[in-house]
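Chemist: With the input below, show me the fold.
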Amino acid sequence: MAQINDMYQNALQFVKSLFNKAIDASAQGDGTQESRLENLIKTITSMIFTNISRGLFERDKLIFSFLICTSIDRNSGKIQPVSWNLLLRGTATISENDKKKQPPNPMAKNILTDLAADLVWSAEVNCPDSYGGLTQSFKDNEAVWLDWATCEEP
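Modeler: Residues are numbered from 1 along each chain as shown. Down below sits the predicted model:
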């Protein structure tokens, strides 16, 4: 968060204090190590998130929430590294053979630019379990995608 605004330089002592309070405040669980660990993670995450959020400007709270949630999901494996890299960096490297297979942009350029179509194709090639068939879906369901892309809150 310090890269977003210099005012967000959290002192290590403050974070350590929050961490220790969260350990003391968390429920003991049902006696198993897994139960205790789950309670610790939940309490520590909640307490640190709540206390750090109090010190943020309103405009930065959404990005902080996003960073916390995606970090949790990346560490748990819900967000795969390839998908995360696509989000951060855009199109990934694809083979010449896959480039030749890329269909033309299925939507109007004011809805899906050629660069965005390249990103969709890159996602299909690199994460077929998650994004396979997306380009074809754009082509087959153009009206549905157009409604979604032009609505106020897609």
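Chemist: mind giving me the domain split of the chain?
Modeler: Here the domain parsing of the chain from automatic domain parsing is 6-79, 84-150.
Chemist: worst average pLDDT in those?
Modeler: When the domains of the chain are compared by mean pLDDT, domain 6-79 comes last with a mean of 84.
Chemist: in the helix ranked longest in the chain, what counts as buried?
Modeler: Once the chain is assigned using DSSP state H, the helix that runs over the most residues is helix 33-54. Neighbour counts over helix 33-54 (16 or more other CB atoms under 10 Å) mark 39-40, 43-44, 47-48, 51-52 as buried. (Glycine included, C-beta is placed from N, CA and C.)
Chemist: Going by contacts, tell me the helices and strands next to whichever helix or strand comes after that helix.
Modeler: Next helix or strand after helix 33-54 toward the C-terminus (DSSP states H and E): helix 58-76. In terms of contacts (3 or more CB pairs under 8 Å, 6 or more residues apart in numbering; DSSP states H and E), helix 58-76 is packed against helix 33-54, helix 81-89.
Chemist: So which residue of the chain lies furthest out from the middle?
Modeler: residue 31 (33.5 Å; CA atoms, centre = their mean).
Chemist: And that residue, how close does it get to residue 39?
Modeler: 12 Å (CB to CB, to the nearest Å).
Chemist: returning to that earlier point: and the longest helix of the chain, what does it pack against?
Modeler: helix 12-25, helix 58-76.
Chemist: I'd like those helices written out as JSON lines, with mean neighbour count and distance to residue 141 added.
Modeler: Output for these, formatted as JSON lines (neighbours: other CB atoms under 10 Å; distance: least, CB to CB, whole Å):
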{"stretch": "helix 12-25", "mean neighbour count": "12", "distance to residue 141": "47"}
{"stretch": "helix 58-76", "mean neighbour count": "12", "distance to residue 141": "28"}
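Chemist: possible to save those as TSV with distance to residue 134?
Modeler: Putting the helices and strands packed on helix 33-54 into TSV (distance: least, CB to CB, whole Å) gives the following:
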stretch	distance to residue 134
helix 12-25	41
helix 58-76	21
